[in-house]
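Colleague: Everything below, folded, please.
(one chain, ligands or ions: 2)
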Amino acid sequence: MGSSNKQPISQNNTIDDVDIDSKITGCEKNSYLWLMGLGFDVQESDGSLPNEKKIKVVFVVGGPGSGKGTQCEKIVQHYGYTHLSTGDLLRKEIKTGSENGTMIQNIMNEGKLVPSDITVGLIKKAISEIDNDKFLIDGFPRNEENLSVFENLTGIEPEFVLFMDCPKEEMRRRLLSRNQGRDDDNEETIRKRLQVFEDSTLPVINYYASKGKVRKPFSPQHNKQDHQTSDTYFKNNHPLPSEIQVLCCVDTYSVFIDRRKFAPYIC
Ligand SMILES: Nc1ncnc2c1ncn2[C@@H]1O[C@H](COP(=O)(O)OP(=O)(O)OP(=O)(O)O)[C@@H](O)[C@H]1O
Ligand SMILES: O=c1ccn([C@@H]2O[C@H](COP(=O)(O)O)[C@@H](O)[C@H]2O)c(=O)[nH]1
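Modeller: Ligands and ions are numbered 1, 2, ... in the order given. Okay, here's the model as predicted:
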């Protein structure tokens, strides 16, 4: 981008958009470059699907049986989101009897992951068919390939990532007593699904944690998952004014800096 198009620093700029030399002071420049250097998320995607509507996405991730679907059902009652369960989209695809259906069924029964182009294709189709601009995408991304295909095909960055952290034994116990008639809720497939979660999904969650995007609905007082904590993430997820910048995130806390006063604060 040429320098004539450069704009003042704001939350909507990337480093390339900002006329670093003439528009901001040395102090601001240093803090901005420092944030970029540390890999903090100082860029914002415009949340657009090519030629389509602008949308907001929250990814809801966690191991099998960690309570992702249950949590999403509660959130949609209050915050205007549409719940898109990727597992449900795949199960629907199986029922259509499409070419991919049998392949998806076999992969699910093995507890493995469906190729990303299929899953992302179904998510994109659902988003474009539903008249809403806010989506909870449940059970996605499951691996690094999912993440890169989603970013490449949609250009969307999640607002944040809700991580339903849950002990392995508890997930196993919940799945074995779920009673929804799912073919993959059996000892052998559950073992494989838990392994896929550890090997492929945890690295994606760690990637988002390094960008300060992970929120865990967990109450330290009661030492368990907690819907009220989850609520606060949705209540407080207003866009930051352009002068406020996230400096770093430690677990569920974030350190902000107010550019007007150069004063850090925590919340
Ligand atoms: N906080 C909780 N405490 C106890 N049981 C729970 C809790 N949350 C969900 N459950 C139960 O655990 C089971 C699994 O929950 P849910 O279907 O929401 O998990 P999930 O993460 O969406 O699973 P999957 O990835 O297999 O679709 C359900 O029977 C649900 O009722
Ligand atoms: O993004 C996804 C989501 C799901 N799968 C496959 O579906 C099953 C069941 O998913 P749930 O979220 O538990 O309903 C999962 O084990 C995978 O086989 C997928 O491949 N990609």
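Colleague: Mind giving me the packing neighbours of the helix or strand where residue 204 lies?
Modeller: Assessed by DSSP states H and E, residue 204 sits inside helix 202-210. Under the contact criterion of 3 or more Cβ pairs under 8 Å, 6 or more residues apart in numbering; DSSP states H and E, helix 202-210 touches strand 56-62, helix 144-154, strand 160-164. Every residue, glycine included, has its C-beta placed from N, CA and C.
Colleague: which residues are contacting the last one?
Modeller: Just to be clear, that refers to strand 160-164. 58-63, 66-68, 71, 136, 205, 208, 213-217, 225, 230, 233, 237 (Cβ atoms under 8 Å, 6 or more residues apart in numbering).
Colleague: try it again with 7 Å
Modeller: 58-62, 66-68, 71, 205, 208, 213-217, 225, 230, 233, 237 (Cβ atoms under 7 Å, 6 or more residues apart in numbering).
Colleague: overlap between these and the residues near ligand 1?
Modeller: Restricting the contacts of strand 160-164 to those touching ligand 1 (Cβ under 6 Å from any ligand atom) yields 62, 66-68, 225.
Colleague: Residues of the stretch 151-267 of the chain that sit close to ligand 1?
Modeller: So far as Cβ under 6 Å from any ligand atom goes, the stretch 151-267 of the chain lies against ligand 1 at 174, 178, 225.
Colleague: least trustworthy position among these, going by pLDDT?
Modeller: Least confident of these in the model: residue 225, at 82.
Colleague: Over to that residue: give its phi and psi.
Modeller: phi -60, psi 150 (degrees, to the nearest 10).
Colleague: can you pick the most crowded of the residues of the stretch 151-267 of the chain next to ligand 1?
Modeller: Ranked by the number of neighbours (other Cβ atoms under 10 Å), those place residue 225 first, at 20 neighbours.
Colleague: Close to ligand 1: what parts of the stretch 1-150 of the chain are there?
Modeller: 62, 64-70, 87, 139.
Colleague: So which of those residues is the closest to residue 96?
Modeller: Checking those against residue 96 with Cβ to Cβ, the nearest one is residue 87 at 15.5 Å.
Colleague: and that closest one, how far is that from residue 68?
Modeller: The gap separating residue 87 from residue 68 is 9 Å, by Cβ to Cβ, to the nearest Å.
Colleague: which residue sits closest to whichever residue of the stretch 51-200 of the chain sits closest to ligand 2, ignoring its sequence neighbours?
Modeller: Relative to ligand 2, the nearest point of the stretch 51-200 of the chain is residue 87 (1.9 Å; Cβ to the nearest ligand atom). Closest residue in space to residue 87, ignoring its immediate chain neighbours: residue 139 at 5.1 Å, by Cβ to Cβ, 6 or more residues apart in numbering.
Colleague: Pull the number of nearby residues for that neighbour.
Modeller: For residue 139, using other Cβ under 10 Å, the count is 23.
Colleague: re earlier: which element is encountered next along the chain beyond the helix or strand where the residue of the stretch 51-200 of the chain closest to ligand 2 lies?
Modeller: Assigned by DSSP H and E, residue 87 belongs to helix 86-95. Downstream of helix 86-95, the first helix or strand assigned by DSSP H and E is helix 99-109.
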